[in-house]
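Q: here are the coordinates; sequence isn't available:
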């Protein structure tokens, strides 16, 4: 409850939600798909075996958007492509960690959130605890810093 709600208990604010057209939904999905493919290419250039996991609908299975393997390291990525900031829900982070727990054979396992921001580039954060995360432009690690941490 906000201060505005306390001051005016009779007046209830309605939540703003926008309605997207089919064309806007397709554009958003394509932007995410393109970002995932770009990340796979970037990881392969660094010597990782990387693959995009195509999941067309929200799933209860612990599958990341992209995962990459190199020597004794496995990395699971949750990827978003936005303008200024990306929000990652705790259940998405939990799925990354569940996926990594399946791959216990690898001693070095990393859950990484990745944000591609239009006109700004990529930002990354290695998640170390469960919970919600927000990634904004200019925050987190650059790709070069991420690779240095992973290898």
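A: It's in. Bear in mind the structure is a predicted one, so any value in this text is a computation, not a measurement.

Q: which sections of this protein are below the confidence cut-off?
A: Under the criterion pLDDT under 70, the flagged ranges of the chain are 1-13, 56-58.

Q: biggest helix in the protein, by residue count?
A: helix 22-45 (DSSP state H).

Q: tell me the helix or strand right after it.
A: strand 49-52 (DSSP states H and E).

Q: return the distance of that following strand from the chain's centre.
A: 15 Å (C-alpha atoms, centre = their mean, to the nearest Å).

Q: equivalent analysis for stretch 136-148, please.
A: 13 Å.

Q: ok, residues contacting it?
A: 42, 46, 84-85, 112, 115, 117, 120-126, 149 (C-beta atoms under 8 Å, 6 or more residues apart in numbering). Quick note: C-beta positions are derived from backbone N, CA and C, even for glycine.

Q: cool, and stretch 23-41?
A: 20, 50-52, 65-66, 68, 77, 79-81, 114, 116, 122.

Q: would you turn those into TSV with secondary structure and distance to residue 92?
A: Shown next, in TSV, are those (DSSP: H, G, I helix; E, B strand; the rest coil; distance: C-beta to C-beta, whole Å):
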residue	secondary structure	distance to residue 92
20	coil	20
50	strand	19
51	strand	18
52	strand	16
65	coil	9
66	strand	13
68	strand	18
77	strand	11
79	strand	10
80	strand	9
81	strand	15
114	strand	12
116	strand	16
122	strand	18
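
Q: quick one: which of those has the most company?
A: residue 114 (27 neighbours; other C-beta atoms under 10 Å).

Q: ok, that one touching residue 81?
A: No. In this structure residue 114 lies outside contact range of residue 81 using C-beta atoms under 8 Å: 9.2 Å.

Q: beyond whatever helix or strand residue 135 lives in, next helix or strand please.
A: Assigned by DSSP H and E, residue 135 belongs to strand 133-136. Of the helices and strands lying after strand 133-136 in sequence (DSSP H and E), the nearest is helix 143-150.

Q: now that following helix: buried residues?
A: 143, 146-147, 150 (16 or more other C-beta atoms under 10 Å).
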